[in-house]
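[1] Following is a predicted model, sequence given first.
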Amino acid sequence: MYDKHIIYPDSLHNLADNGGFALGVRLPYYRGQPLSVVEDIAVKVDGAAVPREQVRFSVRGKTWTLDQLEENTAERWEFGEVAEVSVVQAGGLAAGAHDVEVGVQLRISYLPWSPLTTCTRRETIAA
Amino acid sequence: MNPTHNIKRGVSLYSYQYETFLRKMTLDDCIAHAAGLGARGIEVVSEQSFTHFPDVPQAEIDGFFASLEKHGAYAQCHDMFLDTKLYKHRKLNFDEMVASMQRDLRFAHRLGCKTMRVIVNTPPEVVVACVPLAEELDIRMGIEVHSPFHFDQPWILRYTELTRATGSDHVGYIPDMGMYIKDYPPVFRDRFLRMGATPKIVEFILEAHKARVLPDYVIMDIRKMGANPVDLQMAETLRHNIWSNPRRMLEFMPWIFHIHAKFYEIDDTGREPSIPYDEIIPVLIEGGYTGHLSSEYEGQRHIEDAFEVDGREQVKRQQEMFARLLGEKA
């Protein structure tokens, strides 16, 4: 569900400090969720997987690592809300087009498995 | 109003989720659309319609009430969830589950809802423990009997046994009409074909569905035919989208508080091609059902890959079908 809308269109950009890149990501689900049920946000760029430790998640001005996210039951990722998912990677991405894949895995209490929903988009880093 | 029944119409705002997600419809737009169709009973998936659940900012609640009043609608049902797997390393314990459900009862009360949808994974013991608060707040709790569950399925039988023992008239059922998939939904079929299902295996599955072949047997049969993963995924839907007898609702009617009028598509002829509402609604009339038929459009997830989703048009078509089947004067 919402597969093709996970990546917010034309949101890929390098971070201002040149220490990585970021993009807008929406929750592929019909209700907002506590952060603790977000088991994974897997990012791939041009076919290469980003190590989980390098991924950061931000909503409403607060930022977590993916491990920290799993411990947070107080804050939520709201329905339709665009989170910023950033990747710590010195120098960011080269200018030009990149194929970006984002897979969001959620622990849904009434399902006996954790659904993984994936989105791929060609995004561009401005020169 | 037709004198032979007192069935009311409503809409679950779940139906407009796609447009809401994409910020093409506001909460006020959703309520306005439903009420404009004469479907005045509003059901909310609160964690979709509001932020910071359960501590929803008062301004959002005030806005909700203002929209209801403006459009001549009313809050009817709050859809509750139980995050038993909130924590990574352990499940919620009994007291935590009861506290979570009580929190939802209080939230439903805050919204002015007299009915609360209980998600099917809620243990019946937890529901029973919440009966005193439900009675105090005068909120009727209905477990969502949702395909592949049905009234004679063991989990629901156990729920019935434990909840009926309370003697309370505040605990019962919200049947989801997705357990009455009489014909295989065309939107499912077409999506699997787009995903790469094998046409002759798709035909085989549709024929087997018509013949009511046990889903496990269908899966075994298509494996022998060389089914690909998409074919198997399609056959799996037979397990999860069941046909059962709508007349089974009659026995439970005193405890049926609300109906999730699930639908996947209303076609150009004004029919739901898979769920026979022309068979279901007469059963509800016969049983003296007095609650709401709450539109729950769930076709969006089956067409979004290839088509524009139009929740408004779909809800409008279903409500027109209801008005016709309920004998409302045009």
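    In hand now; what should we look at?
[2] Relative to chain B, how far out is residue A:2?
    Separation of residue A:2 from chain B (CB to the nearest CB, to the nearest Å) stands at 6 Å. Every C-beta, even on glycine, is put in place using the N, C-alpha and C of the backbone.
[3] what about that residue, neighbour count?
    Other residues near residue A:2 come to 21 when the count uses other CB atoms under 10 Å in any protein chain shown.
[4] Name the residues of the stretch 101-250 of chain B found near chain A, please.
    By CB under 8 Å from any CB of the partner chain, the residues of the stretch 101-250 of chain B that approach chain A are B:119, B:120, B:121.
[5] Is the last one in contact with residue A:108, as I believe?
    Same thing as residue B:121. No - under the criterion of CB atoms under 8 Å, residue B:121 is not in contact with residue A:108, lying 9.7 Å apart.
[6] And the longest helix along chain B, what does it pack against?
    Ranked by residue count and defined by DSSP state H, the top helix of chain B is helix B:94-111. Counting contacts by 3 or more CB pairs under 8 Å, 6 or more residues apart in numbering or on different chains; DSSP states H and E, helix B:94-111 is packed against helix B:58-71, strand B:74-80, strand B:115-118, helix B:124-129, helix B:131-137.
[7] following the last one, which helix or strand comes up?
    It refers to helix B:131-137. strand B:140-145 (DSSP states H and E).
[8] Not counting residues beside it along the chain, what's closest to the spatially most central residue of chain A?
    For chain A, residue A:85 is the residue whose C-alpha lies nearest the centre (CA atoms, centre = their mean; 4.1 Å). Excluding its sequence neighbours, the residue lying closest to residue A:85 (CB to CB, 6 or more residues apart in numbering or on different chains) is residue A:25, at 4.5 Å.
[9] Quick check: phi and psi at the one you found.
    Residue A:25 adopts backbone torsions of phi -130, psi 130, taken as degrees, to the nearest 10.
[10] For it, give me its contacts.
    Residue A:25 makes contacts with A:6, A:7, A:8, A:41, A:82, A:83, A:84, A:85, A:102, A:104, as judged by CB atoms under 8 Å, 6 or more residues apart in numbering or on different chains.
[11] Please enumerate the strands of chain A.
    A:13-14, A:20-26, A:33-34, A:38-45, A:48-49, A:55-59, A:62-65, A:76-77, A:82-88, A:96-106, A:116-125 (DSSP state E).
[12] Same question for chain B.
    Counting by DSSP E, the strands of chain B are B:8-12, B:41-44, B:74-80, B:115-118, B:140-145, B:171-175, B:259-263, B:292-297.
[13] Give me the spatial nearest neighbour of residue B:267, chain neighbours excluded.
    Among residues not flanking residue B:267 along the chain, residue B:273 sits closest, at 5.6 Å (CB to CB, 6+ apart).
[14] which bits of chain A sit near chain B?
    Within chain A, the positions adjacent to chain B are A:1-5, A:26, A:30-34, A:36-37, A:39, A:70-71, A:73, A:76, A:78-80, A:107-110 by CB under 8 Å from any CB.
[15] From those residues, list the buried ones, please.
    Among the residues of chain A next to chain B, those buried by neighbour count (16 or more other CB atoms under 10 Å in any protein chain shown) are A:1-2, A:5, A:26, A:30-34, A:36-37, A:39, A:70, A:76, A:78-80, A:107-109.
[16] the inter-axis angle of the longest helix of chain B versus strand B:140-145?
    Between helix B:94-111 and strand B:140-145, the angle comes out at 120 degrees (axes from the mean of the first three to the mean of the last three CA atoms, to 10 degrees).
[17] isn't residue B:32 right next to residue B:69, touching?
    No - using CB under 8 Å, residue B:32 is not in contact with residue B:69; the gap is 11.8 Å.
[18] For those two, indicate the residue with more neighbours.
    Each of residue B:32 and residue B:69 has its neighbours counted (other CB under 10 Å); residue B:32 has more, 16 against 11.
[19] Once you drop chain neighbours, what's closest to the more buried one?
    Excluding the flanking residues, the one nearest residue B:32 by CB to CB, 6+ apart is residue B:71, at 4.9 Å.
[20] quick one: contacts for the one you found?
    Here residue B:71 is in contact with B:28, B:31, B:32, B:35, B:36 (criterion: CB under 8 Å, 6+ apart).
[21] cool, residue B:61 as well?
    Neighbouring residues of residue B:61 by CB under 8 Å, 6+ apart: B:50, B:110, B:111.
[22] What's the per-residue pLDDT of it here?
    Turning to residue B:61, the model gives it a pLDDT of 98.
[23] List the residues that contact the closest residue to residue A:22 other than its chain neighbours.
    Leaving out its chain neighbours, the residue that sits closest to residue A:22 by CB to CB, 6+ apart is residue A:86, at 3.7 Å. Residue A:86 sits next to A:15, A:20, A:21, A:22, A:55, A:56, A:58, A:63 when contact means CB under 8 Å, 6+ apart.
[24] Serialize those residues to a markdown table and add fields for pLDDT and neighbour count.
    Formatted as a markdown table, the contacts of residue A:86 follow (pLDDT from 0 to 100; neighbours: other CB atoms under 10 Å in any protein chain shown):
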| residue | pLDDT | neighbour count |
| --- | --- | --- |
| A:15 | 95 | 15 |
| A:20 | 96 | 19 |
| A:21 | 97 | 24 |
| A:22 | 97 | 18 |
| A:55 | 98 | 22 |
| A:56 | 98 | 19 |
| A:58 | 98 | 14 |
| A:63 | 97 | 12 |
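[25] Pick out the most distant pair among those residues.
    Greatest spatial distance among the contacts of residue A:86 (CB to CB): A:21 and A:63, at 14.7 Å.
[26] Domain-wise, how is chain B divided?
    For chain B, the structural domains run B:8-183+B:242-325, B:186-237, going by automatic domain parsing.
[27] Can you get me the start-to-end distance on the longest one?
    One end of domain B:8-183+B:242-325 to the other measures 12 Å (CA to CA, to the nearest Å).
[28] export the contacts of residue B:71 to TSV and tack on pLDDT?
    Below are those laid out as TSV (pLDDT from 0 to 100):
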residue	pLDDT
B:28	98
B:31	98
B:32	98
B:35	98
B:36	98
